[in-house]
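Participant: Kindly generate the corresponding structure for this input.
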Amino acid sequence: MKLEDFFRENNKIALGFSGGVDSSYLLYAAKKYGADVKAYYVRTQFQPVFEYRDALKLARYVGAELTVIDYDILADNKITSNPCDRCYHCKTKIFSAICKKALKEGYSTVIDGTNASDDASDRPGMRALSELRVISPLRECGITKSDVRRLSKEAGLFTWDKPAYACLATRILAGNKITAEKLKKIECSENILFKMGFKDFRVRMYHDIAKLEFTDEEIKKAFDLRDNIVAELSLYFEDIVLDMKGRNKNG
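Facilitator: Numbers count the residues shown, from 1 in each chain. Next up is the predicted model:
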């Protein structure tokens, strides 16, 4: 099936929208192919501010209506206890909120941006999507991440080369409780690195230690700016260490 055919058959849809590469292209495509689409962004403590701003910017660019749902994700102990399947519980809560709001507004079909490159066996969140009957058009149409980037670039979307960005909760080791304070330390530290010009990295939290992960392309720059990084991030962490293996771009 082609994406155009999907939107012809499903021409009234709600999109769980993050402002990332995949859901941004999906929103653009839905508008392009004439679907009645409404985007829903669930704002929680797990999303950094820049992701919300990107979502607003992209929705305005393609002329799509965006509904923002505020959700206190830290109120759920199943999530804050940070079990190995935290993503399943989180995705269930977020998409349940989207489905409920969308249905109330007349949208019974809900879609998301999972693509054909995503490994279902490694993503507990996909189980939640399946249980809630959320459809993944990119995946069903065999559109991979590289396809999405290419098509996004052709469409002139600013998200085409945006690095993958998992939520802030993924920075905290499973089994360690997630708190607002920890999330704030991580977000502030990553904002500092963004301002230094880094684009694709992670600040992982191990108790009061920040483990920095950079791609091969940026790790030399991290060495060059080592003193600046240590000085800035020491405001939030006792120790700062560098992961010499480099960053896995899938996480």
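
Participant: so what does whichever strand or helix holds residue 7 touch, helix or strand wise?
Facilitator: Assigned by DSSP states H and E, residue 7 belongs to helix 3-9. For helix 3-9, the contact count by 3 or more Cβ pairs under 8 Å, 6 or more residues apart in numbering; DSSP states H and E identifies helix 21-32, helix 137-140 as packing neighbours. C-beta coordinates here come from the backbone N, C-alpha and C atoms, glycine included.

Participant: export the ones you listed to TSV and tack on distance to residue 231?
Facilitator: As requested, the helices and strands packed on helix 3-9 are exported to TSV (distance: least, Cβ to Cβ, whole Å):
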stretch	distance to residue 231
helix 21-32	33
helix 137-140	42
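
Participant: Comparing those helices, which comes out most buried?
Facilitator: helix 21-32 (a mean of 24; mean count of other Cβ atoms under 10 Å).

Participant: Any chance you could give me that one in PDB, C-alpha atoms only?
Facilitator: Below are the C-alpha coordinates for helix 21-32, written out as PDB (Å, rounded to 0.1, in the frame of the first residue of the first chain):
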ATOM      1  CA  VAL A  21      11.100  13.200  12.100                       C
ATOM      2  CA  ASP A  22       8.500  10.500  11.500                       C
ATOM      3  CA  SER A  23       5.400  12.000  12.900                       C
ATOM      4  CA  SER A  24       6.300  15.300  11.300                       C
ATOM      5  CA  TYR A  25       6.400  13.700   7.800                       C
ATOM      6  CA  LEU A  26       3.200  11.800   8.500                       C
ATOM      7  CA  LEU A  27       1.400  15.000   9.400                       C
ATOM      8  CA  TYR A  28       2.700  16.700   6.200                       C
ATOM      9  CA  ALA A  29       1.700  13.700   4.100                       C
ATOM     10  CA  ALA A  30      -1.800  13.500   5.600                       C
ATOM     11  CA  LYS A  31      -2.300  17.200   4.700                       C
ATOM     12  CA  LYS A  32      -0.800  16.700   1.300                       C
END
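
Participant: any idea which helix or strand comes after that helix?
Facilitator: Counting by DSSP H and E, the element after helix 21-32 in chain order, helix or strand, is strand 36-43.

Participant: tell me the mean pLDDT over that following strand?
Facilitator: Summarised as a single mean, pLDDT over strand 36-43 is 98.
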